[in-house]
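Undergrad: Could you work out the structure for the sequence below:
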Amino acid sequence: MQDNDIKLISVLERIANALEGRPEAPAAPALDPSVNAYVYEAERHALQPVRHVSAPPLALVLGVDRPRDALLENTRRFARGAAANNALLWGARGMGKSTLVKAVHQAVLPESPLSLVEIHREDIAALPALLTILKAADGRFIIFCDDLSFDQPDRDFKALKSVLEGGLEGRPDNVIFYATSNRRHLLPRQMMDQEAATGIHPTEAMDETIALSDRFGLWLGFYPCDQDIYLGIVRGYLAHFGLDTSGDWMAAALEWSKTRGNRSGRTAWQFVTAWAGEAGKSVAF
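TA: Numbering: from 1, shown residues only. Presented below is the predicted three-dimensional model:
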């Protein structure tokens with residue numbers, strides 16, 4: 001046997017040994033057809049079923065009409081198998097960004113089977129493994145990441161790009177990605193402070209982060225609500241739960257917002273929770 005043949009056999013043996021030692025790709029899960037929501041457990045490469053999604057009816061998500069309608073239509077298109085965009089919901093805290101994602105999912109379910117899969121932001125690096133699982137599974141999936149940001153951009157950029165652009169293979173047809181963020185460009189806090197102080201982009205990392213947010217096809221902005229919208233949200237919750245409105249709830253709701261320093265959907269829900277508690281009742285979705 002010639003030396004070249006011996007070297008070739010040695011190389012092939014090393015390749016075979018390496019392949020044998022590789023971890024197996026996550027297997028396609030046997031999903032329960034009665035479950036339509038999951039939390040991805042990155043360490044186990046497993047989908048943990050969620051039997052009940054805490055979300056209000058879509059009609060109660062008030063003060064965000066444009067984002068609501070746009071996200072609903074985008075989700076309906078995706079559920080039907082038509083073209084749809086990944087979505088970034090950004091803006092004022094407490095204005096219902098994550099609530100809207102869950103409410104839209106629940107609203108579309110009666111029309112088309114669709115699963116919501118939540119991934120925690122600290123597990124973004126595991127997105128490619130999750131894509132592998134969902135690509136092989138039956139059904140259509142919204143991957144949802146709440147409060148997405150990049151405090152360690154180098155670790156997470158490639159993983160998120162695999163969802164937004166899909167690399168050579170492209171994003172799986174049965175997967176779409178929705179994320180919420182208080183920051184329009186997903187910037188780490190220290191980058192935002194530096195940009196505000198200098199008025200320029202101080203690093204290439206900042207430019208790369210901004211470019212990543214640009215890859216979301218659908219941007220939906222959320223803004224602080226005025227007094228009328230805030231009271232309308234409170235009124236909607238009170239009516240939905242059949243709570244007493246004979247008292248001066250408006251003055252109480254406005255006083256509540258002053259003590260919190262803002263008017264938002266979250267503040268409205270916290271007031272209604274307190275109002276119901278004073279009446280000896282409970283409220284939950």
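
Undergrad: how near is residue 60 to residue 103?
TA: As for residue 60, its distance to residue 103 is 8 Å (criterion: C-beta to C-beta, to the nearest Å). To be clear about C-beta, it is placed using only N, CA and C from the backbone, and glycine gets the same treatment.

Undergrad: So between these two, which is more surrounded?
TA: Here residue 60 and residue 103 are compared on neighbour count by other C-beta atoms under 10 Å; more neighbours surround residue 103, at 23 against 18.

Undergrad: In CSV, could you pull the C-alpha coordinates for whatever helix or strand that one lives in?
TA: Secondary structure assignment for residue 103, by DSSP states H and E: helix 97-108. Extracted in CSV, the C-alpha atoms of helix 97-108 (Å, rounded to 0.1, in the frame of the first residue of the first chain):
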residue,chain,number,x,y,z
LYS,A,97,-46.4,44.4,23.1
SER,A,98,-46.1,40.9,24.4
THR,A,99,-49.8,40.9,25.3
LEU,A,100,-50.6,41.7,21.6
VAL,A,101,-48.5,38.8,20.3
LYS,A,102,-50.3,36.3,22.6
ALA,A,103,-53.8,37.8,21.9
VAL,A,104,-53.2,37.7,18.1
HIS,A,105,-52.2,34.1,18.3
GLN,A,106,-55.3,33.2,20.3
ALA,A,107,-57.5,35.2,17.8
VAL,A,108,-56.1,33.3,14.8
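
Undergrad: What segments of the stretch 151-285 of the chain are strands?
TA: 175-181, 218-222 (DSSP state E, counting those that start in this stretch).

Undergrad: Could you dump these into JSON lines with mean pLDDT added?
TA: Formatted as JSON lines, those follow (pLDDT from 0 to 100):
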{"stretch": "strand 175-181", "mean pLDDT": "95"}
{"stretch": "strand 218-222", "mean pLDDT": "95"}
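
Undergrad: Most tightly packed of those strands?
TA: Stretch with highest mean neighbour count among these: strand 175-181 (a mean of 25; mean count of other C-beta atoms under 10 Å).

Undergrad: Fine by me, we can end here.
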